[in-house]
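Asks: Next comes the sequence, and after it the predicted model I'd like to discuss.
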Amino acid sequence: MKQALVLAAGLGTRLKPYTDSMPKALVPVGGKPLLWHTLQRLHRAGYARVIINIHHFGDQILRYLDQHDRFVADARCLDDRLGMDIHISDERDLLRDTGGALRHARPLILPDRPLLVHNVDIFSDLDLHALEQNGDDTVTRLVVSERQTQRYLLFCPDDLQLHGWTNTATGELRGPVADTPQQAASCRQLAFAGIHLVAPTLLPRLEAWPERFSIIDFYLDACRHAPVRAFCPPLLHLLDVGKLDTLAQAEEWCQGHTND
């Protein structure tokens, strides 16, 4: 069974005033909540077991899932009943950031299979099947693109192994590359897409981390000991729907794409 973790706990501050009264995951695009779009996409890619983390207005997400019978298939075969096995990683007591969310969800994660982690506010035409088939189950793969930003992950050009992180505005370096800054110039700069496939062998390393931390910090440490590589598909179309100015673009996306 393929499994995924949908990160839906964030405060969604960039989507105010919508998120003053609802969680980011329920902000509508094309007449459907962001969470609906993500679940539909995961379903089409064969993900039957889905974990959703909640915090901000988490009770609204629970009500939404209950109203849709947690998207479990029934005899009517309705389009919005996906036959999913949905679990909740409840963070209403503490917002744990992206890394802490993964650590907190560990009791719900099948320990012997890769885990897809997907931000709830990302639209893309990424081929999830290609992501799963690229490499073996011991390799963690970070979906990246060549878009413009100030913050980049740094990868070795030969094997695309993660080697660090940089803020081009400040010159800050983190991760292994910070030990040998002169190597930064030879690294490939790629922007993280908010989608990653975590190798099951990497999950036990989470236990040494605190309750709240960034998944990027975790990967920058883990890449010293384990394969953490870029997955950079050509011509990837990606839209971060976490900001007000991208909501209109997301509406257009829904008219021209199936979000798969």
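Replies: Great, that's in hand. Computed from a predicted model, the values in this text were never measured in an experiment. Numbering: from 1, shown residues only.
Asks: ok, residue 91 - contacts?
Replies: 9, 53, 54, 55, 58, 101, 104 (Cβ atoms under 8 Å, 6 or more residues apart in numbering). Backbone N, C-alpha and C define where each C-beta goes, glycine included.
Asks: PyMOL command to pick out the buried ones of these?
Replies: Selecting in PyMOL just the buried members of these, where the criterion is 16 or more other Cβ atoms under 10 Å, is done with this command:
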select buried, resi 9+53+54+55+58+101+104
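Asks: Turn the contacts of residue 91 into a markdown table, including distance to residue 26, secondary structure and pLDDT.
Replies: A markdown table is the format used below for those (distance: Cβ to Cβ, whole Å; DSSP: H, G, I helix; E, B strand; the rest coil; pLDDT from 0 to 100):
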| residue | distance to residue 26 | secondary structure | pLDDT |
| --- | --- | --- | --- |
| 9 | 13 | coil | 97 |
| 53 | 14 | strand | 98 |
| 54 | 11 | strand | 97 |
| 55 | 13 | coil | 97 |
| 58 | 11 | helix | 94 |
| 101 | 18 | helix | 98 |
| 104 | 21 | helix | 98 |
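Asks: for the contacts of residue 91, which one is nearest residue 156?
Replies: For residue 156, the nearest member of the contacts of residue 91 is residue 101. The distance, counting by Cβ to Cβ, is 27.8 Å.
Asks: For the closest one, give its distance to residue 183.
Replies: Residue 101 sits 31 Å away from residue 183 when distances are taken as Cβ to Cβ, to the nearest Å.
Asks: Same question for residue 68.
Replies: The value you get for residue 68 to residue 183, if Cβ to Cβ is used, is 50 Å.
Asks: Tell me which residues touch the residue sitting nearest the centre point of the chain, please.
Replies: The C-alpha lying nearest the average C-alpha coordinate of the chain belongs to residue 118 (Cα atoms, centre = their mean; 2.6 Å). Shown in contact with residue 118 (Cβ under 8 Å, 6+ apart): 4, 5, 6, 7, 38, 42, 194, 195.
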